[in-house]
Structures are given as structure tokens and as C-alpha cells.
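A.B. asks: from the sequence below, what's the structure:
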Amino acid sequence: MKKIKSDPNLYFDYRDVKTLQRYVDSYGRIEPVAKTGLSAKQQRQLATAVKRARHLALLPFVSK
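C.D. replies: Numbering: from 1, shown residues only. Have a look, this model is predicted:
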């Protein structure tokens, strides 16, 4: 995955599954900051969005 330049206006929405899938690996885990290149605030927003999407069954908890 290519690191994204830190964009202060970047916002993660739990309904935007295509974007969230870029930050989830093949096992269903959220990628670490070292790989995504996001700021700490953006990484927390990403984690919250992924967890909400999982809870609403938009993303799987575990991938086979």
C-alpha cells in the first residue's frame, strides 16, 4: 500500500466501504500507522469507522 500524504481534510466515513477496504489487510485487521502513513488523529478516525462498518455488517470481522 502506498503511503498517503498527510491530508488535514481527510475524513473516514463508515459507509464508504471501498475506502475502508484499502486500510484493512487480507485477514481483516486494520493496517498500522507505519504502513498507512496517517496521523494519529486520522488513524483513530479510521479505526472508529472500520469498527462501525463491522458492527453494521458492511465489513467482515474476519476474512478467510
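A.B. asks: mind naming the longest helix for the protein?
C.D. replies: Using DSSP state H to define each element, the chain has its longest helix at helix 40-55.
A.B. asks: who touches it?
C.D. replies: Residues outside helix 40-55 that contact it (Cβ atoms under 8 Å, 6 or more residues apart in numbering): 6, 10-17, 20, 23-24, 30, 33, 36, 38, 59-61. For the C-beta atoms, the positions are set from N, CA and C on the backbone; glycine is no exception.
A.B. asks: what average pLDDT does that helix get?
C.D. replies: The average pLDDT for helix 40-55 rounds to 96.
A.B. asks: in stretch 16-27, what's buried?
C.D. replies: By neighbour count with 16 or more other Cβ atoms under 10 Å, stretch 16-27 contains the buried residues 20, 23-24.
A.B. asks: repeat that for stretch 33-43.
C.D. replies: For stretch 33-43, burial by neighbour count (16+ other Cβ under 10 Å) applies to 36, 38, 42-43.
A.B. asks: same thing with stretch 42-58?
C.D. replies: Residues of stretch 42-58 classed as buried by neighbour count (16+ other Cβ under 10 Å): 42-43, 45-46, 49-50, 52-54, 58.
A.B. asks: need the max-distance pair from the buried residues of stretch 33-43.
C.D. replies: The span of those, defined through Cβ to Cβ, is set by T36 and Q42 at 8.2 Å.
A.B. asks: give the contact list for R15.
C.D. replies: Contacts for R15 (Cβ under 8 Å, 6+ apart) come out as 53, 58.
A.B. asks: pLDDT score for it?
C.D. replies: Confidence score, pLDDT, at R15: 96.
A.B. asks: where's it, which helix or strand?
C.D. replies: Following DSSP states H and E, one finds R15 outside all helices and strands.
A.B. asks: with the one 3 residues further on instead?
C.D. replies: Using DSSP H and E, the secondary-structure element containing K18 is helix 17-21.
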